[in-house]
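Chemist: Curious how this folds, go ahead:
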Amino acid sequence: MDTIELTDLSQRRQPTQQRTQQRSDLDTNTFIQAAVLAALGLLLALFPGFVQYLAAERGSDTNSHLERFLSLHFGIYLLAFAVSLLLNTKAHPLLVPLTVASSLSTFLAYNTNPPHSFATTFFLANLILAGSGWIMILFPTEDLSKTTGADKRTSAFIFGNKSAASRIKKAWRRETESR
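Modeler: This next block holds a predicted model:
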């Protein structure tokens, strides 16, 4: 039988300042992204005329039915993304796609010709999203257990993960108790 060698951590370790700070940074990033998306979504859904006012030349003051329709539905989807970010703060399923999309949108809004106030506003909002997302991608938190080396985000119970931290720790305890 293979022996499982783990460090005996019978005394509970307190979370280190660095781990707590990393978790706090990730939560802050999520709340910033959700706030920016919610603000843009509400602006699009509730005030499509304001978007037309910011984007259009002087003299054209009405939206077509298609513009109102697209503005409303795009705003709804932005609000849905904001809510899903808040509900999935630990998983962050949208971190990479939203960061890449925000980076592309930032680039396109910056290069809009002629630059107008809506493009500038959109550029700044997406710059915040892209910047905070890239920080979280480039400097991730620790998802692997230092003791077992297993992934902390999955477990043996639901996912059947053979190398889950809980399963390895139980095997280690059985082995140390049998000695």
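Chemist: Please make it C-alpha for all contacts and neighbour counts, starting now.
Modeler: Fine.
Chemist: Skip ahead from the lowest-mean-pLDDT helix or strand in the chain and say which helix or strand is next.
Modeler: Taking mean pLDDT, DSSP states H and E as the measure, helix 156-159 is the helix or strand of the chain with the lowest mean score, a mean of 59. As assigned by DSSP states H and E, the chain's next helix or strand after helix 156-159 is helix 165-178.
Chemist: Can you give me the buried ones in that following helix?
Modeler: 165-169, 172 (16 or more other C-alpha atoms under 10 Å).
Chemist: And for stretch 111-130?
Modeler: Across stretch 111-130, burial judged by 16+ other C-alpha under 10 Å covers 118-120, 122-123, 125-130.
Chemist: Tabulate those residues (TSV), appending secondary structure, pLDDT and distance to Phe74.
Modeler: Shown next, in TSV, are the buried residues of stretch 111-130 (DSSP: H, G, I helix; E, B strand; the rest coil; pLDDT from 0 to 100; distance: C-alpha to C-alpha, whole Å):
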residue	secondary structure	pLDDT	distance to Phe74
Phe118	helix	75	16
Ala119	helix	77	16
Thr120	helix	84	19
Phe122	helix	80	14
Phe123	helix	87	17
Ala125	helix	88	16
Asn126	helix	86	15
Leu127	helix	93	19
Ile128	helix	92	19
Leu129	helix	87	17
Ala130	helix	90	19
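Chemist: Which pair of the residues you listed spans the longest distance?
Modeler: Phe118 and Ala130 (17.9 Å; C-alpha to C-alpha).
Chemist: just to revisit the earlier point, so which of the buried residues of helix 165-178 comes closest to Leu72?
Modeler: Nearest to Leu72 among those, with distances taken as C-alpha to C-alpha, is Ala165, at 45.6 Å.
Chemist: where do the strands sit along the chain?
Modeler: Under the criterion DSSP state E, strands are not mapped anywhere in the chain.
Chemist: What ranges does it have for its helices?
Modeler: Assigned by DSSP state H, the helices in the chain fall at 17-46, 48-55, 65-87, 95-110, 117-138, 156-159, 165-178.
Chemist: who's in contact with the residue lying closest to Ser132 once chain neighbours are set aside?
Modeler: Distances taken as C-alpha to C-alpha, 6 or more residues apart in numbering place Asn29 nearest to Ser132, at 5.9 Å, with adjacent residues excluded. Asn29 makes contacts with 132-133, 136, as judged by C-alpha atoms under 8 Å, 6 or more residues apart in numbering.
Chemist: Many thanks, we can stop here.
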